[in-house]
Each structure stands twice: as C-alpha cells, then as structure tokens.
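Undergrad: Let me see the structure of the following:
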Amino acid sequence: QLQFYLIDFKDGMEFEPYMKNLQIPHVKLISRRNTLDDAYTILKKIIAILESRDKLMSEHGCKDINEYNTNYPDSSLPRLFIFIDEYQVMLEGNASNSDSRLINKCNTALVDIVKRGRTAGISLILSSQACVAGKDIKEQVAHRVVFKSQGVLDKLFDDIDSNAEEILKGSPKGTAYYTD
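TA: This next block holds a predicted model:
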C-alpha cells in the first residue's frame, strides 16, 4: 500500500501529468503553486498523521510500521511518500511571502518529519535546483541523488564526497551521483 503527496512550489508543471489523470490510485494529494501558508498547513497534516501512527503503534506495542503491518494485516497502514518539488522556496521564502516565523515553522516541521517519519512509514523526497537544507535535515537523509548542474556543486558536495564534484564535472548531461 502506498500513498503519494505531490507538492510543488513553483509553476506546478512538474505534476501536470498527474492532474490530467486523477484516477491514479496512489495519489492522495496534488498541491501546486503553494504559498508558505499552504506548505505549513500540509506539513501540519502530515505531522498529525505521524503522531496518530506513533500513538497507534505504541498502543499495540509495535516499534515501527513494518512490525505493525505484520501483526495487524487487516488494519495495515500505507507507506506515505511526500514529494516536494522546489522545496527551497519553502525554506527561503520569496518576495511575496517571506515571513521568517512561518519559514522557521516549515523547517521545524520538515525536520520533525525527517527525524520521526521513517518508523511511521512516512518518507520525504525533496527536489531542488539549489541545496538549502540545513544540517538538521542533511544529517537525517541517508540517500541523496545529485544531478550535474552549474554553480551549485560546491554547496551540494560540501558534506557528501570530495570526489563527487570531479566525477560529475566531466560527465554527460543526465549523470547523477548517488550517496548511501
């Protein structure tokens, strides 16, 4: 069982194919052209799901979603994948909405989801053309895929691998570097 939450912070075109065919069973939410208020509302809902799952698993003596789903197959919980495209907009704000308190709330919510989400079956997939994730998020993210791009390699590889930048510099378009 899977559920996808698709969230886009720019023009919303990345998820356009899914909007045309709303019959995709795994897509629970498509949210495009978001404001910080929208983002925080969605993140709060995801945290509410996380807390509900934590409580349920605790009440049943289960340490994580795998144990819960194994022990209670009739009421198994779907895994949630939260895709946030251009997530840096949420953490940097923009000219029309740069409320620093709201940015901090969004960042705190993301960190909470990243830290506690795995055991509850909630995964974040963040995509961006600029690396703005803070140390709290980077420390929790075990896997990163970085595609060749201009001007951001130094920021992207400061904590990954000193050879990664060299590997991608001479590589063809579409080449990615994967960390595990």
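
Undergrad: drop to CA atoms for contacts and neighbour counts, all remaining ones
TA: Will do.

Undergrad: could you point out which element follows the strand or helix carrying residue 57?
TA: Assigned by DSSP states H and E, residue 57 falls within helix 36-59. Sequence order places helix 65-71 as the next helix or strand after helix 36-59, per DSSP H and E.

Undergrad: Show me what the helix or strand just after that next one is in contact with.
TA: Using DSSP H and E, the helix or strand that follows helix 65-71 towards the C-terminus is strand 79-85. With C-alpha atoms under 8 Å, 6 or more residues apart in numbering as the test, strand 79-85 has contacts from 1-10, 14, 121-128.

Undergrad: Return the subset of the residues you listed lying in strands.
TA: 2-8, 122-127 (DSSP state E).

Undergrad: Per-residue pLDDT of residue 76, please?
TA: Looking at residue 76, its pLDDT reads 95.

Undergrad: ditto for the one 3 residues further on
TA: Note on residue 79: pLDDT of 96.

Undergrad: Neighbours of it, how many?
TA: Neighbourhood size, residue 79 [other C-alpha atoms under 10 Å]: 17.

Undergrad: Point out where this structure drops to low pLDDT.
TA: 11-23, 93-98, 129-170, 172-180 (pLDDT under 70).

Undergrad: rerun that using 80 as the cut-off
TA: Residues of the chain meeting the criterion pLDDT under 80: 9-35, 86-99, 127-180.

Undergrad: Give me the three-state assignment for the spatially closest residue to residue 44 that is not a sequence neighbour.
TA: What sits nearest to residue 44 in space, not counting adjacent residues and going by C-alpha to C-alpha, 6 or more residues apart in numbering, is residue 109, at 7.2 Å. Secondary structure assignment for residue 109 (DSSP: H, G, I helix; E, B strand; the rest coil): helix.

Undergrad: Distance check, residue 109 against residue 69.
TA: From residue 109 over to residue 69 the distance is 26 Å, taken as C-alpha to C-alpha, to the nearest Å.

Undergrad: Same question for residue 7.
TA: In this view, residue 7 and residue 69 are 27 Å apart by C-alpha to C-alpha.

Undergrad: neighbour-wise, which of those two wins?
TA: More neighbours surround residue 7 than the other of residue 7 and residue 69, with 25 against 16 (other C-alpha under 10 Å).
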